[in-house]
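[1] Provided below for reference: sequence and predicted model.
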Amino acid sequence: MSEPKDRVVVASDVNPRDGIGVEIYRDDELVVEIFRDDTNRTRTVTVFKESISLELMEECIQTFKKKKFRGIS
């Protein structure tokens with residue numbers, strides 16, 4: 001059995017949201033989006049699967065925190 005294939009995409013959005021975030025894919029299926037809204041100054045997590053492991057969620061959060069978004073805090 002092979003290991004799951006993970007992929008992270010940094011994506012910005014300007015309409016209707018204004019911000020940037022990461023999309024985490026497992027085996028080419030979008031499982032989690034973590035988005036920083038620059039207008040509302042919020043961060044949100046959207047889960048696209050019915051359930052994911054706590055370990056995967058923690059990895060997703062760490063991935064989001066590690067990304068350096070130029071010129072934006």
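    Happy to help now that I have it. The structure displayed is predicted, hence computed values, not measured ones.
[2] where does the protein have low pLDDT?
    For the chain, the stretches with pLDDT under 70 are 1-4, 68-73.
[3] all strands for the chain, in order.
    With DSSP state E as the definition, the chain shows strands at residue ranges 6-13, 19-26, 29-37, 42-47.
[4] Any idea how many residues pack against the residue nearest to residue 47 when sequence neighbours are not counted?
    Spatial nearest neighbour of residue 47, excluding adjacent residues (C-beta to C-beta, 6 or more residues apart in numbering): residue 32 at 5.7 Å. Placement of C-beta: from N, CA and C, glycine included. The number of residues packed near residue 32 is 24, by other C-beta atoms under 10 Å.
[5] cool, residue 31 as well?
    By the criterion of other C-beta under 10 Å, residue 31 has 19 neighbours.
[6] residues contacting it?
    24-25, 47-49, 52, 56 (C-beta atoms under 8 Å, 6 or more residues apart in numbering).
[7] can you pick the most crowded of those?
    residue 24 (23 neighbours).
[8] check contacts around it.
    Residue 24 neighbours (C-beta under 8 Å, 6+ apart): 6-8, 30-34, 59-60, 63.
[9] go with 6 Å
    If you count contacts by C-beta atoms under 6 Å, 6 or more residues apart in numbering, residue 24 has them with 8, 31-32, 60.
[10] biggest separation within the residues you listed, which pair?
    8 and 31 (11.0 Å; C-beta to C-beta).
[11] List the buried residues in stretch 50-63.
    52, 56-57, 59-61, 63 (16 or more other C-beta atoms under 10 Å).
[12] Could you report the neighbour count for residue 19?
    Residues near residue 19, counting by other C-beta under 10 Å, number 20.
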